[in-house]
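[1] Pasting the sequence and the predicted coordinates here, then a few questions.
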Amino acid sequence: MLNKIQKLKQLGRSLMSYVAEFHSLIVVANVKESHVLIHMFNLGLNDNLIHAIHLMGEIPTDFDKYITAVTKIDSNINHGKTTIALTNANQYCNYCPQPKKKDDDVMDVDHIDEEERTDCMAKGLCFVCKKRGHHANSCPEKKKKKVPVRQEKIEEEDDEMENHRLAEDF
């Protein structure tokens, strides 16, 4: 049962749905220590909530109070009240990985800019379709929008080469 709890993830569902399933599993597993429950609960939380929790002044050590605090944070995120705090979350959070410095020599293949990415993270939106309920890696729109850009470029280059060869033949 502990294995199920540790594998449980919030992913695209609501916090309340995650909390309800977590509670049902801990009752069956008979886990009662607050520090253990908080640790296991955090393992499955979405990154934006983890960042916001680490930005809290005093983090509750009682599990029920912790759930109440996380629920308030989630509500604020969903209503756009914590956008500013989460915009620079990685800069101020000692527990979260720091973003890597961008190398100007590396080709930028990201389809959204840093500001748009931060806004999506703060609001819990998918990077691809800008809707709630899932992440970019599982976005249903991603499959629809998937265009083999590199293949189109190769075909254009092939057409140009063919035209160039035809021009040389004359």
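    All right, it came through fine.

[2] can you give me the strands in the chain?
    Assigned by DSSP state E, the chain shows no strands.

[3] what bits of it have low per-residue confidence?
    Where the chain drops to pLDDT under 70, the residues are 80-111, 143-170.

[4] Next, count neighbours for residue 7.
    10 (other C-beta atoms under 10 Å). For the C-beta atoms, the positions are set from N, CA and C on the backbone; glycine is no exception.

[5] And residue 123, by the same measure?
    Residue 123 has 17 neighbouring residues, counting by other C-beta under 10 Å.

[6] What of residue 17?
    12.

[7] going forward, begin numbering at 29 instead of 1
    That works, and once the first residue is 29, the last one we named lands at residue 45.

[8] any idea how far residue 83 is from it?
    As for residue 45, its distance to residue 83 is 24 Å (criterion: C-beta to C-beta, to the nearest Å).

[9] Kindly report the same for residue 152.
    Distance, residue 152 to residue 83, using C-beta to C-beta: 16 Å.

[10] Of these two, give the one with the bigger neighbour count.
    With neighbours defined as other C-beta under 10 Å, residue 152 and residue 83 compare such that residue 152 has more, 21 against 18.

[11] does the more buried one really touch residue 106, like I thought?
    Yes - the pair residue 152 and residue 106 qualifies as a contact (C-beta atoms under 8 Å) at a distance of 6.8 Å.

[12] Okay, residue 157 and residue 144: tell me how far apart.
    In terms of C-beta to C-beta, residue 157 sits 13 Å off from residue 144.

[13] actually residue 70, sorry about that
    27 Å.

[14] Could you do residue 106 as well?
    Distance from residue 106 to residue 144, counting by C-beta to C-beta: 19 Å.

[15] Contacts for stretch 29-44 next, please.
    Stretch 29-44 is contacted from outside by 46, 49-50, 53-54, 56-57, 59, 68, 71-74, 77, 98-99, 102, 160-163, 166, using C-beta atoms under 8 Å, 6 or more residues apart in numbering.

[16] How about the contacts made by the residue nearest to residue 153 when sequence neighbours are not counted?
    For residue 153, ignoring the flanking residues on the chain, the nearest one in space by C-beta to C-beta, 6 or more residues apart in numbering is residue 160 at 6.0 Å. Contacts for residue 160 (C-beta under 8 Å, 6+ apart) come out as 40, 151, 152, 153, 154.

[17] Hmm, residue 102 and the second one touching each other?
    No - contact criterion C-beta under 8 Å: residue 151 and residue 102 do not qualify, at 11.8 Å.
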